[in-house]
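*Asks:* coordinates for the following, if possible.
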Amino acid sequence: MRTNIAPSDKKAPFKRSLLLLSMLIAVNGCQQTPPPHASQKPEATAAVTLKNPSQLQLEQLMSEIWQHRQRNEPIGASYNGDYRYNHLLPDLSPQALALYDQQLKAYRSELQQIERAELSNKDIINLDILLRQINDRIDRYHYHAQQTPLTAESGFHASMAFLPSVMPFKKAQDFEDYIRRLEALPRYFEQNIYWMKQGIEAGNTLPKAVLSGYEQGISSFIVDDAKQSLFYKPVSGEAPVGIDAAQYTQIQQRVERAISEKVIPAYQGYFDFMVKQYIPSARDTIGVADTPNGTEYYANRAKYYTTTDMTPEQIHQLGLKEVKRIRGEMSQIIKSLNFDGSFADFVAFLRTDPQFYAKTPEALLKQAAYIAKQMDAKLPSLFKTLPRQPYGVAPVPDHLAPKYTTGRYVGSSRDDQPGYYWVNTYSLDKRPLYVLEALTLHEAVPGHHLQNALNREMTDVPPHRQYSYISAFGEGWGLYSEYLGLEAGFYQDPYSDFGRLTYEMWRACRLVVDTGMHVMGWSRDKAIDFLASNTALSTHNVRTEIDRYITWPGQALSYKMGELTIKRLRKEAETALKENFDLRQFHDEVLKNGSVPLNVLEQQIRAYIESTLAQKSQ
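*Replies:* From the prediction side, this is the model:
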């Protein structure tokens with residue numbers, strides 16, 4: 001095991017360089033000829049690509065940091081398909097978090113001292129994205145994000161519900177790992193509750209206004225019969241091949257006992273804490289600026305989620321500008337329909353007329369699946385490269401649905417599983433059909449599923465990029481995908497086109513209300529009114545969305561910033577390449593490097609433009 005080098009050791013880069021230099025000399029001096037291919041002459045040798053010390057140093061650090069992350073973030077490791085730590089839950093003790101922070105700072109110091117001039121453009125992207133990931137973990141710890149391990153729609157308790165789907169259940173050891181995780185649940189819950197108590201003392205809690213009914217999402221995990229728990233699902237079927245009946249019966253009994261004695265009591269304890277202590281002690285204000293160092297924290301989150309240096313004030317003004325532009329397009333559709341009434345009257349009509357709502361959950365899901373399948377057929381005309389992984393359409397789980405967003409994409413953790421486009425079937429009169437085309441194109445294809453699946457299937461990038469998701473890029477691509485529906489022949493119905501604009505307006509409004517609530521003193525009611533008066537979102541969705549923004553500062557800024565960047569870059573390419581512009585190639589260029597910061601996306605698209613022009617001039 002390599003000894004970790006503290007940032008204060010100024011000789012560290014020199015020591016590592018000496019080590020890497022010795023490795024380089026060894027490679028140069030001891031080149032071995034690989035075994036000849038069957039069709040290759042014996043004297044032929046393969047070319048050896050030599051790497052300089054900075055490249056070797058970066059590769060070693062990327063590998064070491066990734067392995068360190070898997071050990072410290074075992075649930076993330078399971079999601080990434082690394083099952084070595086499937087028996088563990090994260091250690092959130094003060095000592096463990098402080099040690100992790102210290103080690104991340106040491107890694108950051110070493111990464112920052114690599115000679116960037118000696119790296120390729122690809123390696124610079126690898127380095128910068130790794131630094132971004134490390135800085136985010138350091139920043140969240142510095143701003144005490146561990147004191148609020150929940151949002152209005154989810155939290156650590158709900159995340160545990162994904163364990164049965166991200167873990168394999170093929171061998172006896174898989175079940176043993178699962179049981180150990182279930183047995184560790186009380187400790188994990190207690191550690192989260194410890195930090196939430198610290199948050200109460202510091203004035204760093206979620207706002208009380210967004211916690212009404214929150215305990216219902218916890219109580220759904222508290223069942224009388226352990227076999228009815230979703231945690232029992234992995235052992236509810238037949239025994240896997242290789243495990244005999246007697247052994248499997250014992251496994252089932254142990255899982256049932258772990259649920260009864262560990263899991264349910266942990267959820268009950270969390271429920272009692274939320275009802276008796278947390279919710280009554282939650283703050284009355286809504287903006288993160290009202291928490292310790294909140295204004296600074298919000299600026300940090302805005303920079304992280306947008307990958308730009310724009311200030312909250314600049315983002316707010318951009319949002320107002322976009323709202324005005326989109327409102328004009330929406331008014332044109334209302335005018336074309338010869339509707340007799342105001343904008344507010346038209347929105348009220350959309351929200352209340354039964355023709356715009358499915359009668360059953362199955363009808364809503366079938367319509368979503370039909371739209372998705374229609375776009376599947378259009379993909380070859382828009383993309384040269386498509387992922388091999390399929391996706392399914394499924395309802396949002398019951399334990400999440402009441403306070404959950406209208407739809408979401410959930411990627412898989414294994415190549416033997418599909419991704420899923422989740423559609424919220426709770427409260428059908430709040431799920432209008434006129435936005436379903438836009439929602440489907442965003443969450444399924446050509447939006448999140450296509451982009452995430454291609455990202456996971458990249459083979460020429462390190463794992464910290466293969467499993468990376470940068471919100472400004474991913475959500476920007478999702479919103480751009482809604483726009484692509486126009487070119488693919490969707491939104492033929494004017495109400496559906498109004499729904500598309502409603503979704504675009506929704507994301508523009510986010511720039512306004514998120515900055516407004518968190519740093520400009522907006523009230524929750526003012527934000528709700530602004531979103532409700534400018535979109536045709538149902539009032540239920542408006543409230544759940546505003547509560548989501550309140551409890552997830554800055555994330556809502558990423559969508560519009562990314563979409564505007566992709567559209568601007570496409571315009572640049574169309575203008576520069578003229579008749580040589582190939583839409584399919586442009587989309588491949590946007591997606592080929594995976595999820596990247598917006599400035600990196602700009603660099604790669606401009607390089608593509610220059611390369612294409614150079615080829616055409618020859």
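
*Asks:* any idea which helix is longest in the chain?
*Replies:* helix 172-202 (DSSP state H).

*Asks:* what mean pLDDT does that helix get?
*Replies:* In this model, helix 172-202 has an average pLDDT of 98.

*Asks:* next, the buried residues of the next helix or strand after it.
*Replies:* Using DSSP states H and E, the helix or strand that follows helix 172-202 towards the C-terminus is helix 214-219. Neighbour counts over helix 214-219 (16 or more other C-beta atoms under 10 Å) mark Tyr214, Glu215, Gly217, Ile218 as buried. (Each C-beta comes from the backbone N, C-alpha and C, glycine too.)

*Asks:* please identify which of those is nearest to Leu428.
*Replies:* Set against Leu428, the nearest of the buried residues of helix 214-219 by C-beta to C-beta is Gly217 (19.8 Å).

*Asks:* how far away is the closest one from Trp422?
*Replies:* According to C-beta to C-beta, to the nearest Å, Gly217 and Trp422 sit 16 Å apart.

*Asks:* repeat for Ala614
*Replies:* Distance from Ala614 to Trp422, by C-beta to C-beta: 45 Å.

*Asks:* now Ser120
*Replies:* The value you get for Ser120 to Trp422, if C-beta to C-beta is used, is 39 Å.

*Asks:* compare neighbour counts for these two and give me the winner.
*Replies:* Trp422 (23 against 10; other C-beta atoms under 10 Å).

*Asks:* correct me if wrong, but that one is in a helix.
*Replies:* No. Trp422: not assigned to a helix; according to DSSP: H, G, I helix; E, B strand; the rest coil it is strand.

*Asks:* for it, give me the pLDDT.
*Replies:* pLDDT at Trp422 comes out at 97.

*Asks:* what of the one 4 residues further on?
*Replies:* The predicted structure scores Tyr426 at 95 on the pLDDT scale.

*Asks:* repeat for the one 4 residues further on
*Replies:* The predicted local confidence for Lys430 comes out at a pLDDT of 91.

*Asks:* if I look at it, how far off is Glu437?
*Replies:* According to C-beta to C-beta, Lys430 stands 18 Å off from Glu437.

*Asks:* one more: Leu99?
*Replies:* From Leu99 to Glu437 the distance is 49 Å (C-beta to C-beta).

*Asks:* okay, these two: which has more neighbours?
*Replies:* Glu437 (26 against 13).

*Asks:* what helix or strand is the more buried one located in?
*Replies:* Applying DSSP H and E, one finds Glu437 within helix 436-443.

*Asks:* got the angle for the next helix or strand after that helix vs helix 436-443?
*Replies:* From helix 436-443 onward toward the C-terminus, using DSSP H and E, the following helix or strand is helix 448-456. Counting by axes from the mean of the first three to the mean of the last three C-alpha atoms, to 10 degrees, helix 448-456 points 10 degrees away from the direction of helix 436-443.

*Asks:* I'd like the mean pLDDT over helix 448-456, please.
*Replies:* For helix 448-456, mean pLDDT rounds to 96.

*Asks:* what packs against that helix?
*Replies:* In terms of contacts (3 or more C-beta pairs under 8 Å, 6 or more residues apart in numbering; DSSP states H and E), helix 448-456 is packed against strand 407-410, strand 419-423, helix 471-487, helix 583-591.

*Asks:* which one of the ones you listed lies nearest to Ser336?
*Replies:* Here helix 471-487 is closest among these (C-beta to C-beta), at 15.6 Å.

*Asks:* got the buried residues for the closest one?
*Replies:* Buried residues in helix 471-487 (16+ other C-beta under 10 Å): 471-485.

*Asks:* do the same with stretch 69-76
*Replies:* Within stretch 69-76, the residues scored as buried using 16+ other C-beta under 10 Å are Arg69, Gln70, Asn72, Glu73, Pro74, Ile75, Gly76.

*Asks:* just the ones of those residues in strands?
*Replies:* Per DSSP state E, strands hold no members of the buried residues of stretch 69-76.

*Asks:* quickly check those for the two that are furthest apart.
*Replies:* Greatest spacing in the buried residues of stretch 69-76, by C-beta to C-beta: Arg69 and Ile75 (11.6 Å).

*Asks:* coming back round to it: got TSV for the buried residues of helix 214-219, with distance to Ala358 too?
*Replies:* Listed next are the buried residues of helix 214-219 as TSV, based on distance: C-beta to C-beta, whole Å:
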residue	distance to Ala358
Tyr214	27
Glu215	29
Gly217	24
Ile218	29
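
*Asks:* of these, closest to Lys227?
*Replies:* Among the buried residues of helix 214-219, and counting by C-beta to C-beta, the member closest to Lys227 is Ile218, at 20.1 Å.

*Asks:* which one is the closest one nearest to, not counting chain neighbours?
*Replies:* Phe271 (4.6 Å; C-beta to C-beta, 6 or more residues apart in numbering).

*Asks:* do Trp506 as well
*Replies:* The nearest residue in space to Trp506 (C-beta to C-beta, 6+ apart) is Thr535, at 5.1 Å.

*Asks:* can you give me the neighbour number for the one you found?
*Replies:* Using other C-beta under 10 Å, Thr535 is surrounded by 29 other residues.

*Asks:* I'd say it and Ala508 touch.
*Replies:* No. Assessed by C-beta atoms under 8 Å, Thr535 is found out of contact with Ala508, at 9.3 Å.

*Asks:* can you tell me the SS state at the residue lying closest to Gly474 once chain neighbours are set aside?
*Replies:* Closest residue to Gly474 apart from its sequence neighbours, by C-beta to C-beta, 6+ apart: Ser595 at 5.6 Å. When classified by three-state DSSP, Ser595 comes out as coil.
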